[in-house]
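Chemist: here is a sequence with its predicted model. Questions after.
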Amino acid sequence: MTAFCITNPKACFGSCPTFYVSDGDTMRLQAEGFSSSIAPSLEAADVDALYHGRSNNGTVNIVMRNEALETHVVRYVDLLVVPRKEACRVFSEGDRRFWESTSVNPPLSAQAPEGDCLPLVRNADGIERFSRADETYLGAKETLDLAFRVRPDRSYGLVIACRQTLLPTYMLYQAFAYMGSDVGHWLAQMERKAVPKQYSSMELLLGGIEAMTRGEDGQWKIQGAIDEHGPLATDVHIISLSTLRDSTLSVRLRMTKGTWRIDYVALAELSQELQPVRLRPRIVLRNNQEDSEALALLLDSSKVLVTLPGDTYTLAYNLPDSYPDYELFLESRGYYLEWIRKEWIDEQDPMYLAEMFLTPESALRRMTKEFNRVEAQMEDCFWRSRYAKQ
């Protein structure tokens, strides 16, 4: 781990708790919790689709790991289950609405700047469409154009399965590096609400994935956006669309070049809104031994479970027996604290830090060349630098 972090300090593995759930054959990384909550004042709840999750005889086991040089402060980890009919799926929208879909259809075509990308986005198979960052400006945008066949006057939602690349992670770690030995001061300022709103401008410049549809007048209209932080697990989102009138739907996805990995895009026909059932963990295991103290902490919202690098917990949930099948979602709440690396402190520079906060466009242009230099190796270094106890 140390060797890979020294090779590329901005590619050290990180970004909140990781959650592994069985897909029926193996335990699979399916969610990461509260990815943007990097300080106590940013504590938040996060809902992630366990799109490939499967139960085992009415029981769902979720393995929660701390695989980074971080301290995780976990308020709760609840399983949200939504009854679904046979051959139906359920998708979660950003405002915590859950939609039942009677059919999910792949695009007829998908065009990216490099050409046809339909084979990369028509299935939720982990084969992702992504691009390298722009060579002159890290904030440059790109678009994907897709077409779908629809039935007029039906309700539809656009399904997107995606995760971030390591560009946003690089920017966060670079900000910590510029803070250097003063990182504690800056985090304290954040806690005191003394950091002006414009300090989030770089995050806004990188942005999320905007979903647009072409109207009858030929103009593109924004229907919604996805901005789920985190480079670890692919999450599945839905954006409900306005009522459609034509038999063909044109969709454009707009995003910062080199910032998103898209695994799957589809159009879901929506039938009704559903309500989830919240389940608390029944038992918690640590090192294959029952940990009643950890369970008590996760069941009491006034307390927190604190985990350190290498910690692993298994949380077991019992599904209700009142329905034959359920769609699974995970809701976790908490925050995490990055452990500052020595290599970052060596780069302390108040002027560059001010540039990131006050003139982020200039910072993105200045850092383009250095990011381009390390980009190709970042993904490999990132995954190889996961922390695990021997």
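Modeler: Happy to help now that I have it.

Chemist: where along the chain do the helices fall?
Modeler: 2-7, 118-121, 167-179, 183-191, 201-206, 292-299, 342-345, 350-358, 360-366, 368-384 (DSSP state H).

Chemist: which stretch among those helices comes nearest residue 269?
Modeler: Minimum separation from residue 269 across these (Cβ to Cβ) falls at helix 118-121, 18.6 Å. The C-beta positions use only the backbone N, C-alpha and C, and glycine is treated the same way.

Chemist: beta partners of residue 19?
Modeler: Counting by DSSP bridges, residue 19 is bridged to residue 31, residue 64.

Chemist: mind listing what it touches?
Modeler: The contact partners of residue 19, by Cβ atoms under 8 Å, 6 or more residues apart in numbering, come to 29-33, 48, 62-65, 77, 233, 330, 332.

Chemist: can you select the buried ones among these for me in ChimeraX?
Modeler: The ChimeraX command for the buried members of the contacts of residue 19 (criterion: 16 or more other Cβ atoms under 10 Å) is given here:
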select :30,31,32,33,48,62,63,64,65,77,233,330,332
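
Chemist: low-confidence ranges, the chain, go.
Modeler: Scanning the chain for pLDDT under 70 picks out 1-11, 15, 193-200, 388-390.

Chemist: looking at it, which residue reaches furthest from the middle?
Modeler: Within the chain, the residue lying farthest from the chain centre (Cα atoms, centre = their mean) is residue 217, at 34.3 Å.

Chemist: how far away is residue 158 from residue 257?
Modeler: For residue 158, the distance to residue 257 equals 21 Å [Cβ to Cβ, to the nearest Å].

Chemist: these two - which one has more neighbours?
Modeler: Per other Cβ atoms under 10 Å, whichever of residue 158 and residue 257 has more neighbours is residue 158, with 25 against 21.

Chemist: quick check, the more buried one in contact with residue 244.
Modeler: No. At 11.3 Å, residue 158 does not count as touching residue 244 under the criterion of Cβ atoms under 8 Å.

Chemist: between those two, what contacts are shared?
Modeler: If you check residue 158 and residue 244 against Cβ under 8 Å, 6+ apart, no residue is contacted by both.

Chemist: pull the contacting residues for residue 45.
Modeler: Going by Cβ under 8 Å, 6+ apart, residue 45 touches 34, 331-333.

Chemist: ignore what I typed, I meant residue 150.
Modeler: By Cβ under 8 Å, 6+ apart, residue 150 lies in contact with 156, 244, 246-249, 267.

Chemist: just the buried ones from the residues you listed?
Modeler: Members of the contacts of residue 150 classed as buried by 16+ other Cβ under 10 Å are 156, 244, 249, 267.

Chemist: which of these lies closest to residue 290?
Modeler: Nearest to residue 290, judged by Cβ to Cβ, of the buried ones among the contacts of residue 150 is residue 267 at 45.3 Å.

Chemist: so who does the residue nearest to the closest one when sequence neighbours are not counted touch?
Modeler: With Cβ to Cβ, 6 or more residues apart in numbering as the criterion, residue 267 has its nearest non-adjacent residue at 4.4 Å, and that residue is residue 148. Contact analysis of residue 148 by Cβ under 8 Å, 6+ apart lists 105, 107-108, 248-249, 251, 267.

Chemist: with distance to residue 358 added, can I get the residues you listed in CSV?
Modeler: As requested, these are exported to CSV (distance: Cβ to Cβ, whole Å):
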residue, distance to residue 358
105, 46
107, 41
108, 45
248, 46
249, 41
251, 36
267, 42
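
Chemist: inside strands: which ones of those?
Modeler: Counting by DSSP state E, the part of the contacts of residue 148 found in strands is 105, 248-249, 251, 267.

Chemist: shouldn't residue 166 be in contact with residue 378?
Modeler: Yes. Assessed by Cβ under 8 Å, residue 166 is found in contact with residue 378 at 4.6 Å.

Chemist: roughly how far out does stretch 17-30 sit from the chain middle?
Modeler: Mean C-alpha position of stretch 17-30 versus that of the full chain (Cα atoms, centre = their mean, to the nearest Å) differs by 15 Å.

Chemist: now do stretch 350-365
Modeler: Offset of stretch 350-365 from its chain centre (Cα atoms, centre = their mean): 25 Å.

Chemist: start to end distance for it?
Modeler: Stretch 350-365 has its terminal residues 18 Å apart, counting by Cα to Cα, to the nearest Å.

Chemist: name the residues that touch that stretch?
Modeler: Contact with stretch 350-365 is made by 136-139, 171, 174-175, 178-179, 182, 198-199, 201-202, 205, 366, as judged by Cβ under 8 Å, 6+ apart.

Chemist: who touches the residue nearest to residue 210 when sequence neighbours are not counted in this structure?
Modeler: Leaving aside its sequence neighbours, residue 210 sits nearest to residue 254 (Cβ to Cβ, 6+ apart; 4.4 Å). Contacts for residue 254 (Cβ under 8 Å, 6+ apart) come out as 141-143, 209-210, 212.

Chemist: same check on residue 130?
Modeler: Residue 130 is in contact with 165, 258, 260-262, counting by Cβ under 8 Å, 6+ apart.

Chemist: using ChimeraX, define a selection of the buried residues within those residues.
Modeler: Entered in ChimeraX, the line below selects the buried ones among the contacts of residue 130, by 16+ other Cβ under 10 Å:
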select :165,258,260,261,262
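
Chemist: specify the beta-bridge partners of the residue nearest to residue 291 when sequence neighbours are not counted.
Modeler: Counting by Cβ to Cβ, 6+ apart, residue 284 is the residue found nearest to residue 291 once chain neighbours are left out, at 5.0 Å. Assessed by DSSP bridges, residue 284 has beta-bridge partners residue 315.

Chemist: right, I'll call it a day here.
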